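A.B. asks: need a structure here:
(chains A and B)
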Protein chains: 2
Amino acid sequence: MSLSPEILTKLTQIVGENHIFSDIETRNNYGHDETEDYVFPPSVVVKPANAQEISAILKLANDFKIPTTPIGARTGLSGGALSIYQGIGLSMERLNKILEIDEQNLQVTVEPAVITQVLRETVAEKGLFYPVDPSSMGSCWIGGNIAENSGGARAVKYGVTKDYVLNLEVVLPNGEIIWTGANTLKNSTGYNLTQLMVGSEGTLGVITKAVLKLIPKNNYNVLLLVPFFKAHEACEAVSAIFRAGISPSALEFMERDAIDWTIQYVKGISVTVKPEHQAHLLIEVDGNYPDILMQEAERILAVVEQFEIDEVLFADTEKQKNALWKMRRAVGEAVKANSIYKEEDTVVPRYMLPELLNGIKRIGAKYGFKSVCYGHAGDGNLHVNIIKGDMTDDNWQTQVPVGIREIFELTVSMKGTLSGEHGIGFVQKNFMDIAFSKVHLELMERIKHVFDPNNILNPGKVFPDEL
Amino acid sequence: MSLSPEILTKLTQIVGENHIFSDIETRNNYGHDETEDYVFPPSVVVKPANAQEISAILKLANDFKIPTTPIGARTGLSGGALSIYQGIGLSMERLNKILEIDEQNLQVTVEPAVITQVLRETVAEKGLFYPVDPSSMGSCWIGGNIAENSGGARAVKYGVTKDYVLNLEVVLPNGEIIWTGANTLKNSTGYNLTQLMVGSEGTLGVITKAVLKLIPKNNYNVLLLVPFFKAHEACEAVSAIFRAGISPSALEFMERDAIDWTIQYVKGISVTVKPEHQAHLLIEVDGNYPDILMQEAERILAVVEQFEIDEVLFADTEKQKNALWKMRRAVGEAVKANSIYKEEDTVVPRYMLPELLNGIKRIGAKYGFKSVCYGHAGDGNLHVNIIKGDMTDDNWQTQVPVGIREIFELTVSMKGTLSGEHGIGFVQKNFMDIAFSKVHLELMERIKHVFDPNNILNPGKVFPDEL
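C.D. replies: Residues are numbered from 1 along each chain as shown, chains lettered A, B, ... in the order given. Here you go, the predicted structure:
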């Protein structure tokens, strides 16, 4: 759709002429995120300064029924920020301040366009810890993290984004501004709209401020890289570690190809992967007492040594630890640089991981695709990268979606679900029938209608095309 | 309302003649909870065996627009289980089984009428920990805990009920049965109906199964009772402990009267309270390493010694610890046995506690009421018991509600809210306008309408009489 001069004039009046862009380069820039190679440019990009301007924009969009898509750092992996029906691209980039670090109450109030790593580092200077660390934390924004309920490596011990969101300022699609809750650790006052908003992928309202819980910072950690000769044994070791009563602060799984390709992609990583290593676990424990951490590391060793493993790399310098984490965080990018791909974000109860991995390989063999798996194994969250490699375009278009549907059916049969931390967005919406009954989806759609009766806010996301 | 013979016959067909009760004694029994002296008997009490029977009951109630109130252990403190419009009293008592303890994934699947303490003890036998411990845990049920998003003493370290609910089987008011989520630690798949259901006080659906997260059990703890000469200093010490980087597993505040009355009420508690002790903090740290706990206890001592305190009681035997916890858990009952009372469940960011306490006393003086305060200070959650004492009935009826409104206005002005863990239910609903704008309340009411268009399920709760 192209917007009328009248609408463009009104938008310009709201945000000012320096903050509205109709040129094709800007529109293309704001028309993609990190989801495969999709590009859906909005008709116009606006960059409001604050909640009041966003309120005015949404009132206008609501009056004229203009699709409006909130756009964050564009690091998303499910296409949640794509303007698939064009309309207004609502870039949040100017709402980028850390408004208050409340050291008395261990809380921080932020605007949505604060980079997650900047938030972490800024509160760390005060001895405080915001634990949620998506792999993209160097570039993703806290607003997008809230919209997608992002996780990350430390979720296994510290929880995901939803566990840190106390209160949200939200502009509703009709332009009204509300705070969803209170700045308290406990709350039994009315329906939990805060948690309804977290993970709603920008379809219910636009988040303009967030009050987040912080915790005291831990001072020490120990990191182990364990090479396994059998991939399914690496998966089995994951739940064995928890059953031994250990709560690691990270427990990451990487198939051999994931590490191989990453070592080629990122220069200067001094990890040796032998051809017979089928998978690695990256295991971290953290705390305030180094002696205790060493005891825990030894207990972990005792567990993993019950499996067929090679020599464990024990990272005890900051340099070694940073190198290993850099490698782990680059896996996604490295795998994607290697081939055309599709990424799924499966999640199951963690004990089911070996069976999930076997099932994915079996389904891949059936439909002729290769997959590279890695992810947050401690949470049962396995990222499945389906690699095009030398598959024909025809098979890629026809066979792979059938195989993905089977993978999701397997996931749901294990009491898991479609997405652990990336969201449904645009790319997974037509698989929603696997996880939810028609009754359930209609309930969600009617909640959407309560917030957004004209379906102007991020339309075409989360819900399947045919319900 | 009295139900027609036709309806009673249909209900009897659903639950069987042994599980339906119309006698006045049973109806009265199921017409109260622990909220002041309110009694609202349902027209009939039914005791279904399972979700299918509940589905049939709700279909019937929906067809004939019969108010239907889910009834749990009747330990609630906001009147959530009262059948204020009569109709069907839906006792959940026969759904009382722990269905599965999944030691591989650290999860438990329970029916709603499992006593919270039974759940805790049963999983503890497997070395697992369900940390949520409302003071009524010896009699309350997990279903009610979920409905009210209950907290308890350990919430300060381990979180509240919502933090342990992974997935819920819910019968919707139209009789449809859904699972709200998946049995996974992470989930970014559609709107979070699980968290919308938690704390919705039985107004959106009837919970028939819950999958809860468990964690490994800690083996050691240390408990301190610290007497303060100034109540506001006890409150100040609370946030000072957290700012020192310590995360206690419990941090409870009790005004002198709370302890005095409890010692009189519960026999055989060997705690000495001097007249000059204005308040006590009960502080626990837990973990797996006794030496570390002693270090933490010493760090806590160093913090509290900066205030005017008397000799600290260091409980190091199970017997002493149990006696102190028994005392703390009996405070509510003891205070209530002492006088006609009203209880508020205020919650604020924890650093605001001293100001909240001062404000409550100031408002009490203004309106002529005495209050006894105690609660989960680590969470900023202060239970305010307003004591009738020798106040005239007239003042009790007219002045106290005005004073309560002022207390809640103060709470909300501190970015706190009306209820930390007891819920709004029947008794606080007409204060909801203090915490929420009309826009916000209408949003909640429209969500209620999505689930329950005929307003049959627990009507007259949560929402103010006039919106």
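
A.B. asks: and A:Gly375, that's in a strand?
C.D. replies: Yes. A:Gly375: assigned to a strand according to DSSP: H, G, I helix; E, B strand; the rest coil.

A.B. asks: ok, for it, nearest residue in space, not its chain neighbours?
C.D. replies: A:His383 (4.1 Å; C-beta to C-beta, 6 or more residues apart in numbering or on different chains). Where C-beta positions appear, they are placed from N, C-alpha and C, glycine not excepted.

A.B. asks: Adjacent strands (with direction) for the host helix or strand of that neighbour?
C.D. replies: Secondary structure assigned from DSSP states H and E places A:His383 in strand A:381-387. Next to strand A:381-387 in the sheet, as set by DSSP bridges, lie strand A:341-347 (antiparallel), strand A:370-376 (antiparallel).

A.B. asks: can I get these in CSV with mean neighbour count and mean pLDDT?
C.D. replies: Below are the strands paired with strand A:381-387 laid out as CSV (neighbours: other C-beta atoms under 10 Å in any protein chain shown; pLDDT from 0 to 100):
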stretch, mean neighbour count, mean pLDDT
strand A:341-347, 24, 95
strand A:370-376, 24, 94
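
A.B. asks: out of the ones you listed, which comes closest to B:Val271?
C.D. replies: strand A:370-376 (46.9 Å; C-beta to C-beta).

A.B. asks: Distance check, the residue nearest to A:Ser43 when sequence neighbours are not counted against A:Pro453.
C.D. replies: Once flanking residues are discounted, A:Ser43 sits nearest to A:Gln86: 4.5 Å by C-beta to C-beta, 6+ apart. Distance, A:Gln86 to A:Pro453, by C-beta to C-beta, to the nearest Å: 21 Å.

A.B. asks: just A:Ile57 next, same as before
C.D. replies: Per C-beta to C-beta, A:Ile57 is found 17 Å from A:Pro453.

A.B. asks: thinking again about what came up before, tally of neighbours for the residue nearest to A:Gly375?
C.D. replies: A:His383 has 26 neighbours, counted by other C-beta atoms under 10 Å in any protein chain shown.

A.B. asks: give the contact list for it.
C.D. replies: By C-beta atoms under 8 Å, 6 or more residues apart in numbering or on different chains, the residues touching A:His383 are A:Gly332, A:Glu343, A:Glu344, A:Asp345, A:Thr346, A:Cys373, A:Tyr374, A:Gly375.

A.B. asks: could you dump these to a markdown table with distance to B:His32?
C.D. replies: Below are the contacts of A:His383 laid out as a markdown table (distance: C-beta to C-beta, whole Å):
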| residue | distance to B:His32 |
| --- | --- |
| A:Gly332 | 57 |
| A:Glu343 | 55 |
| A:Glu344 | 52 |
| A:Asp345 | 48 |
| A:Thr346 | 48 |
| A:Cys373 | 56 |
| A:Tyr374 | 56 |
| A:Gly375 | 51 |
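
A.B. asks: Looking at those, which one is closest to chain B?
C.D. replies: Closest to chain B out of the contacts of A:His383 is A:Asp345 (7.5 Å), distances taken as C-beta to the nearest C-beta.

A.B. asks: Check the secondary structure at the closest residue to the closest one other than its chain neighbours for me.
C.D. replies: Excluding the flanking residues, the one nearest A:Asp345 by C-beta to C-beta, 6+ apart is A:His422, at 4.0 Å. Recorded secondary structure, A:His422: coil (three-state DSSP).

A.B. asks: and A:His422, how far is that from A:Glu103?
C.D. replies: On the measure of C-beta to C-beta, A:His422 and A:Glu103 end up 33 Å apart.

A.B. asks: Which one's more surrounded, those two?
C.D. replies: Neighbours per residue (other C-beta under 10 Å) separate A:His422 from A:Glu103, with A:His422 holding more: 29 against 17.

A.B. asks: That one and B:Asn187 touch, don't they?
C.D. replies: No. Under the criterion of C-beta atoms under 8 Å, A:His422 makes no contact with B:Asn187, lying 11.3 Å away.

A.B. asks: can I assume the residue nearest to A:Ser43 is in contact with A:Val45?
C.D. replies: No. A:Gln86 lies out of contact with A:Val45 (C-beta under 8 Å); the separation is 11.2 Å.

A.B. asks: More neighbours: which of those two?
C.D. replies: A:Val45 (23 against 19).

A.B. asks: any idea which helix or strand carries that one?
C.D. replies: Assigned by DSSP H and E, A:Val45 falls in strand A:44-46.

A.B. asks: Run the chain-centre distance for stretch A:249-265.
C.D. replies: Averaging C-alpha positions (C-alpha atoms, centre = their mean, to the nearest Å) puts stretch A:249-265 18 Å from its chain's average.

A.B. asks: Can you measure across that stretch, start residue to end residue?
C.D. replies: 27 Å (C-alpha to C-alpha, to the nearest Å).

A.B. asks: So which bits of it are buried?
C.D. replies: Buried residues in stretch A:249-265, counting neighbours by 16 or more other C-beta atoms under 10 Å in any protein chain shown, are found at A:249-263, A:265.

A.B. asks: now swap in stretch A:395-415 and tell me
C.D. replies: Applying 16+ other C-beta under 10 Å to stretch A:395-415 flags A:396, A:399-400, A:403-404, A:406-408, A:410-412, A:414-415 as buried.

A.B. asks: Filtering the residues you listed by proximity to chain B, which remain?
C.D. replies: Residues of the buried residues of stretch A:395-415 in contact with chain B (C-beta under 8 Å from any C-beta of the partner chain): A:Val412, A:Lys415.
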